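> Take this sequence and fold it.
(one chain, ligands or ions: 1)
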Amino acid sequence: MLIVHHLGISQSDRIVWLCEELAIPYEMKKYDRDPVTRLAPAEYKALHPCETAPVITDGEVVLGESGAITDYIITKYGQGRLALKPDHANYADYLYWLHFANGSFMPAGMTALVLGMLGLSDSEAVKPLLSRGDRAYAMTEKRLGEATWFAGDEFTAADIMMLFPLTTMRVFAPRDLAPYPNIRAYLARVGQRPAYQRAAKKGDPDLTPLLG
Ligand SMILES: N[C@@H](CCC(=O)N[C@@H](CS)C(=O)NCC(=O)O)C(=O)O
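Down below sits the predicted model:
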């Protein structure tokens, strides 16, 4: 049985959503963050040497990393649904946004978070680092002015990967979305998806999704 180990308010919310979109059989096991450190509890850390969420188990398989898990589930259980094939006109867009989410957008968000914790956000020296986050938002806003979903007309796993930095990440690193009307319209579209609604209710019932 495929088990999604979901750490509350974390990137594993993507995997619950993916399973709901694919409508595949799975079990979700929920873990709460440590109330003081806000980190994963010892039981979660014991799942995988990386000690971070998400993690899935599938029989003998123990797999971490959002992107790897997404590929695994789509290929093994989703018959390739929610991925574009190489002969699709938007294949390159699909790959770009699928990987941009954790390759560039999340590191930019984490950098801003850490610099803020260290009280260094206003330092001139770190401005080039912080500008990465601004560029990520500007690029995302532009893309969502051109396309309904990140890969074009079709909803894909690129949307599932990109949503976390635009929503749940803002619990930890708040960002005003007023300057980004295309992002706000996109988040409203996502919020209409029944699978997203089911995943949010199942994964983090006490959290109002940050869709605006
Ligand atoms: N690139 C990793 C990032 C994993 C990550 O940083 N997860 C965070 C949750 S969003 C985590 O586990 N935090 C709790 C902790 O570090 O104890 C992935 O996508 O799987």
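
> The spatially most central residue of the chain: what's its closest spatial neighbour, skipping adjacent residues?
Geometric centre of the chain, nearest residue: residue 164, 3.1 Å, by Cα atoms, centre = their mean. On the basis of Cβ to Cβ, 6 or more residues apart in numbering, the spatially nearest residue to residue 164 that is not a chain neighbour turns out to be residue 11, at 5.2 Å. (Glycine included, C-beta is placed from N, CA and C.)

> List the residues that contact the one you found.
53-54, 66, 164, 168 (Cβ atoms under 8 Å, 6 or more residues apart in numbering).

> same check, this time on residue 169
106, 109.

> rerun at 10 Å
9-11, 105-106, 109-110, 112-113, 163, 175, 210 (Cβ atoms under 10 Å, 6 or more residues apart in numbering).

> Likewise for residue 208?
residue 200 are the contacts of residue 208 under Cβ under 10 Å, 6+ apart.

> So for it, what's the pLDDT?
Residue 208 carries a pLDDT value of 95.

> Quick one: name the residues of the chain near the ligand.
For the chain, the residues in contact with the ligand (Cβ under 6 Å from any ligand atom) are 7, 10-11, 39-40, 52-54, 64-66, 102.

> buried ones in whichever strand or helix holds residue 63?
Element membership of residue 63 [criterion: DSSP states H and E] is strand 61-64. Using 16 or more other Cβ atoms under 10 Å as the burial criterion, the residues of strand 61-64 that qualify are residue 64.

> Out of the contacts of residue 11, which sit inside helices?
66, 164 (DSSP state H).

> on that earlier part again, the residue nearest to the centre of the chain reaches residue 18, doesn't it?
No. Counting by Cβ atoms under 10 Å, residue 164 stays clear of residue 18, with 11.6 Å between them.

> Overlap in contacts, these two.
What both residue 164 and residue 18 touch, as defined by Cβ under 10 Å, 6+ apart, is the set residue 66.

> For the residue lying farthest from the centre of the chain, give its distance to the ligand.
Taking Cα atoms, centre = their mean, the residue of the chain most remote from its mean C-alpha position is residue 124, at 30.0 Å. Remark: distance between residue 124 and the ligand (Cβ to the nearest ligand atom, to the nearest Å) = 28 Å.
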